[in-house]
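Asks: Predicted structure and sequence below. I'll ask about it afterward.
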Amino acid sequence: MLATAWLALTRAFYLFLCACLVRILLQLKKRPFPANAPKLIAGYPVVGALQLLFDQGRFCHGSKASSPTGSYSFYLGRHRVVGLAGPQGRKTFFEHRDLDLDQGTDIFIPVSNATEHTDDPSVETHGSHLRAAMRTALLRTDKLGFVPAAVRACTSATWDRIAASELIDPFQEMGQLYSQTSQAVLGIDEIARSPARAKTVRGIVTTLEGIFSPIDMVVPWLLNPMHIPAVVAVGRLYALIWQVVRNRKQQQGRRDVKSEGMLQDLLDRNTGMRGIMKATSPSITSWLLIGLAANADWMARVRQEVEQAVRRHGKEDQSTEHVLDHLDVHACEHEFPLLEACLLESIRIAGPPLLFRKNIGPADIPIGDTGEVVPKGAYAMHYVEDAHQDPDIYPDPRRWDPARFLADRAEHRKAPMGYIGFGLGRRTCRKLGPCLRGTFELF
C-alpha cells in the first residue's frame, strides 16, 4: 500500500515538474515588439518586469524617466505591455475604442482564461451583454427610485452598530456595508438583509482579491495549490447565489413587485447569472472617513453641509434620520459639494494605482503624434499616479486637501485628463451618488 502511494506521488511530482517546464518554455517564447513601439524596459527571462509586482511606483517612474516620450514597453510573463504616460498617453488609453477594459483585467486574473471569450455581444460572457442588462434592469427611472429604499435598512443597521461602538475599524465596517448595499441594489434581498450571509459574501470577495501572484507565470494555475482557496470561494459563491435563484423561481406566484430589483429582471428574461457578481473595494470610503476624522475643520464643514440639507428637505416634525433616508438620488449627487470634494480627494490619494486595457483591434494603435504604437494584441497600462501625484497639477500631492476640487481652485482642471477618478473617456463609472449616500449619513 505504501509503495503504491509513494509511486503515485512520485509520478504526480514528475508530471507537475513537466507541466512547469512546459510553462517556462512557453514563457520564454515571447512575441517581439514592433520597431515603432515605445522603448523596451529590460526584465527577467521568464517573468519579465518582476519589479512591477513589488514596487509599482519606482518601476513606473523609472521607466517613464528613461523613455524620450514617457511611454515604455515591457514584458509581464509572455504578455506584451505598453505603459502609457503623459497627456497623449492618457488620451489614448481612455479614449481609443479598441482598448478594451474587460479583457485588460485578464492579465492579472489567471482563472479568467477558463471563461469563454467571444466577439458576439449577444453572448452572455461578452462584457457588453452584462452592461446592457444592467442599463435595462437597473437604470430605468423606476429602478433608480428603488435604490435609496433598497439600501436604507442596511445603512441604518450599520450606523446603529457604529454609534454603539467607541472604536471601529472603518475598513471592516465599510466592507460589510458595501457587501450588503451592493446586494440590495441588485435586488438580492436574501443576502442584503442577512448580516451573516453578507459577511460570507464579503469573506468570499476578500479571498478572491489578490488572486494573482508571480508564481502563476511559472506554475499553471490549475496546478497551483495557492489557488485552492479561490476555487473553494467561487464554489461557495455559486452555491449561495444559485440557492437564491432557485428559491425565486419556486416563488414566482408570490412576488412583491415593489421590492423587485435587477436580479428579478434577469430571471424574467431568462438571462444567465454569469458576471452578476462584480466586486469593487470599499476602501475609498474608509480612507474618506479617516481623512475627516483627522481633520476637524473639514469634519465641521461637512457636518454643517449635511445639517443644511436636512433643514432644506425636512419638516419640523421629521427626524434627521427620516430626512436623510428619503433623499432622492438627484439630491445625493448635487447638494453635497463639500462631501463630494472629500470623496474625490480620497480617490486621488488612495485609488487603484494601475489600470489595464487590451488592444483588441485589427491593427496597432498610435499613441498621439509620438510616432509610437500599442501593438495589436498587446496590453496597455496606465499608472494613475502619473496624474494624481503630479505636483504641477496638485501642489503637495501627498497631503489630503479636498479644497483642491472646489470651484475656486479646481486643480483637477489644470491639465487635460488631470483627474482619473472613477474613469474617463469611453468608459466612465458613475458611482458618486451611491458613495455619497453611504457616507453623509455619518455626519
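Replies: Structure received.
Asks: show me where the stretch 1-150 of the chain has strands.
Replies: For the stretch 1-150 of the chain, the strands defined by DSSP state E, counting those that start in this stretch occupy 39-40, 72-76, 79-84, 99-100.
Asks: Name the stretch among the ones you listed that sits most buried.
Replies: Of all the strands of the stretch 1-150 of the chain, strand 79-84 carries the top mean neighbour count, a mean of 25, counting by mean count of other C-beta atoms under 10 Å. Glycine gets a C-beta too; all of them are placed from N, C-alpha and C.
Asks: Show the secondary-structure elements that that one is packed against.
Replies: Of the remaining helices and strands, those touching strand 79-84 by 3 or more C-beta pairs under 8 Å, 6 or more residues apart in numbering; DSSP states H and E are helix 56-66, strand 72-76, helix 86-95, strand 379-383.
Asks: hmm, who's touching the first one?
Replies: To tie it back to what came earlier, the one meant is helix 56-66. Helix 56-66 is contacted by residues 39, 41, 49, 51-52, 70-72, 74, 83, 85-86, 353-354, 383, 385-386 when judged by C-beta atoms under 8 Å, 6 or more residues apart in numbering.
Asks: Could you do the last one as well?
Replies: For strand 379-383, contacts defined as C-beta under 8 Å, 6+ apart pick out 56-57, 60, 64, 76, 79-85, 89-90, 92-94, 99, 104, 107, 353-359, 365, 374, 420.
Asks: possible to save the strands of the stretch 1-150 of the chain as JSON lines with mean pLDDT and distance to residue 241?
Replies: JSON lines is the format used below for the strands of the stretch 1-150 of the chain (pLDDT from 0 to 100; distance: least, C-beta to C-beta, whole Å):
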{"stretch": "strand 39-40", "mean pLDDT": "94", "distance to residue 241": "44"}
{"stretch": "strand 72-76", "mean pLDDT": "93", "distance to residue 241": "32"}
{"stretch": "strand 79-84", "mean pLDDT": "94", "distance to residue 241": "31"}
{"stretch": "strand 99-100", "mean pLDDT": "90", "distance to residue 241": "26"}
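Asks: could I get these as a markdown table with distance to residue 328?
Replies: Formatted as a markdown table, these follow (distance: least, C-beta to C-beta, whole Å):
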| stretch | distance to residue 328 |
| --- | --- |
| strand 39-40 | 52 |
| strand 72-76 | 45 |
| strand 79-84 | 39 |
| strand 99-100 | 35 |
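Asks: Select, out of those, the one closest to residue 414.
Replies: When these are compared by C-beta to C-beta, strand 79-84 sits nearest residue 414, at 19.8 Å.
Asks: Send me the closest one as PDB with only the CA atoms.
Replies: The C-alpha trace of strand 79-84 is given here as PDB (Å, rounded to 0.1, in the frame of the first residue of the first chain):
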ATOM      1  CA  HIS A  79       2.500  39.300 -22.300                       C
ATOM      2  CA  ARG A  80       3.500  42.400 -24.100                       C
ATOM      3  CA  VAL A  81       2.600  45.600 -22.200                       C
ATOM      4  CA  VAL A  82       2.900  49.200 -23.100                       C
ATOM      5  CA  GLY A  83       2.900  51.700 -20.300                       C
ATOM      6  CA  LEU A  84       1.100  54.900 -21.400                       C
END
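Asks: That one pairs with which strands, and in what direction?
Replies: Using DSSP bridges, strand 79-84 pairs in its sheet with strand 72-76 (antiparallel), strand 379-383 (parallel).
Asks: and the last one with helix 86-95, angle?
Replies: What that stands for is strand 379-383. 130 degrees (axes from the mean of the first three to the mean of the last three C-alpha atoms, to 10 degrees).
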